[in-house]
Each structure stands twice: as C-alpha cells, then as structure tokens.
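> Kindly return the folded structure for what I paste below:
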Amino acid sequence: MEALIALEVFAAGTMATLILGLLSKWVDRKVTARVQYRRGPPLLQPLYDVLKLLGKETMVPAAARGTGFLLAPLAGFAAVALGGSILWYSILVPGGAFVGDLIVVVYLLTIPSLAVIVGGMSSGNLYGAIGASREMKLMVSYELPLIVALVTVLVGAKVGSLRLGDLLAYQRAAGPTALRVSGAVALVVAVLCVQAKLGLVPFDIPEAETEIMGGPLVEYSGAPLALFYLMRAMLLAVLPLLLIVVFLGGVAAQWPGVLWGAAKYLALMVVIILVRNTNARLRIDHAVRFYWWILTPTALVALALAFVGL
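Numbering: from 1, shown residues only. Down below sits the predicted model:
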C-alpha cells in the first residue's frame, strides 16, 4: 500500500513538475523576446519542440560509449522528477515529509549536472569532452556556496531539523527567512548559483554554441535530446520552487496563498531571465574565480551573521 502511494506521489509530482517546467520555458522565451523587442513564441511552443524531438531518429556516434551515452539523459530526467515530487509533497503535506528530505532534494539536483558530464564524456566527440570538462569545473565551483547558503537558513531558523516541512512551519510562524540580513544575503548567493545550475548566461560556458557547438549535447538527437530538454525545463521549475520553500516561506495550499506563491515564483523567474539577458558569457576561469573568491566568502559572511543572530 505504501509503495502504491509513493508511486502515485511520484507520478503526480513528475507531471506537475513537467507542466510547470514547460510553462517556465515559455515564460523564459517570452520575456527574453520582449527584452529583445520581439513577439516571442506561442504558449505551447516548448511542448511542440519536445514532440518534434521525440519524432526524430536517435543517432549514436560510432565512437560513443552507448550505455553511458543513452542512460545519462534518462538518469538526469529521473533525478529531477524525483526531486520535484519530494518538493511538491513537502509543500502540500508539510507534516508528511520524511526526515532529511532537504538533503535528498539537494543531492538529487546534483545528478542532472553529472548526467551532462557523463553524456559529454561518453559521446566520443572532442567538443563534447570539452563541454563536459567545463561542466565539471563549474559544478565544483557553485555547489559549495549553494550549500553554505542553505545551511545559513537552517542556522538562522534554529529549527534543529533537515525536514522541509519543519522549515515551512517555522517561516509561517516567524516570517520568511529572506527578511533577515543573513537570509537575504544567502538568497542572493543561491540565485546566482541556480543561474549556473540551470546553464544560463552568463554561466552557459559548457554549452557555448559559438565556441564548442553545444558542448556535451553536440552529438545528441531524438529522444535522448528530448530528455535533456525536459530535464532542463523541469530544473527551471524545481530550483526556483526550492528557493521559495527555503527562503520565501513556501506556497500555501489555500487559494490566496497559491496566488502569492505564483507571484513569488514569477518574480524569481524574471530575475533569472533578466540576469541571463543583460550579461555576456564568462570564461570558465572567470566563473570559477567568481564562485570561489566572491560568492563563497559572501556565503560564509551570511553564515556568520546567522550564527550571531542577524
């Protein structure tokens, strides 16, 4: 019985994440078009793109390692789907979430980057290997400040728990953690880390089309490329949702709360999209320095402020 309930939660969470991800992809393209004085695509264009890719033939290069090449997008998609399901369940049923679900979600959301690395390394293409190498360096750079930012919230809230439901309950009683000095600084750090985790400008270095023709995904086509597309779209839904849960008080299940949660989500999306459209791509060494020598010390300052009670 419990296995059946878990399967139903996973199916419902995956579908909700998928729908929100495709809508977010459309918002991203629509706002980008408006910034560039264009009209932008229709609402269902992201869905049309996925259906078109699913109808294409899957080509596996002769030099590719078939198992890793084909399993990488599936593993990345499954990890995002599972992480999104846990996050939705924590929002809708805060008391039913399991202990340590925050750690599990953070762990699952590192797998898509690993999937991109494995896919690029398995492709047998030089550009794919270069892109995978850049993805690896970028991942090593942004994960530390992101984790420190999340720990800052836990220290400041003093909930003594790694359960997302407990963190939500604390914020409903005491207000969003982003209203504190330490929480606000940690939120800025987390947003910039999410920008790289999503592979968006100025941190789209692994897939720089003008330099390495798509990087890790250069040899992908058909259904595997569609899975990578869906994985990125679902990340665009899950990562802002995680920031809302951790920093901005989450989303209430009642109608006014749903509207307020949608407003917070759209505000985060607009910030991410504007950063993407107002900055040039960084070099990989500049990105590494930015995360190690600017964002990581900033996150540590926020953690120190949380320890002293600010």
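
> quick one, phi psi at residue 283?
With angles defined as degrees, to the nearest 10, residue 283 sits at phi -80, psi 160.

> which residues of the stretch 201-310 of the chain score low on pLDDT?
Low-confidence segments of the stretch 201-310 of the chain, defined by pLDDT under 70: 310.

> Next, residue 252: phi, psi?
phi -80, psi 150.

> in the top helix by length along the chain, what's buried?
Ranked by residue count under DSSP state H, the longest helix found in the chain is helix 2-35. The neighbour-count check on helix 2-35 (16 or more other CB atoms under 10 Å) flags 9-10, 13-14, 16-18, 20-32 as buried. To be clear about C-beta, it is placed using only N, CA and C from the backbone, and glycine gets the same treatment.

> Could you do stretch 95-103 as well?
Quick answer for stretch 95-103 (16+ other CB under 10 Å): 97, 101, 102.

> got those residues as TSV, with pLDDT columns?
Shown next, in TSV, are these (pLDDT from 0 to 100):
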residue	pLDDT
97	74
101	87
102	90
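
> What segments of the stretch 51-200 of the chain are helices?
For the stretch 51-200 of the chain, helices defined by DSSP state H, counting those that start in this stretch occupy the ranges 66-92, 101-108, 111-122, 126-157, 164-174, 181-197.

> Relative to residue 267, how far out is the closest residue in space to residue 171 that isn't next to it in sequence?
Once flanking residues are discounted, residue 171 sits nearest to residue 249: 4.4 Å by CB to CB, 6 or more residues apart in numbering. Applying CB to CB, to the nearest Å, the value for residue 249 to residue 267 is 13 Å.

> what about the two, which has more around it?
residue 249 (23 against 13; other CB atoms under 10 Å).

> thinking again about what came up before, mind putting the buried residues of stretch 95-103 in JSON lines, distance to residue 50 included?
Output for the buried residues of stretch 95-103, formatted as JSON lines (distance: CB to CB, whole Å):
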{"residue": "97", "distance to residue 50": "30"}
{"residue": "101", "distance to residue 50": "29"}
{"residue": "102", "distance to residue 50": "30"}
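
> Closest one of the residues you listed to residue 200?
residue 102 (23.8 Å; CB to CB).

> I figured that closest one hits residue 166, correct?
No - when contacts are counted by CB atoms under 8 Å, residue 102 is not listed as touching residue 166 (9.4 Å).

> ok, the residue nearest to residue 105 when sequence neighbours are not counted - how many residues close by?
Residue nearest to residue 105 in three dimensions, not counting chain neighbours: residue 83, with 4.9 Å by CB to CB, 6+ apart. Here the number of neighbours of residue 83 (other CB under 10 Å) works out to 28.
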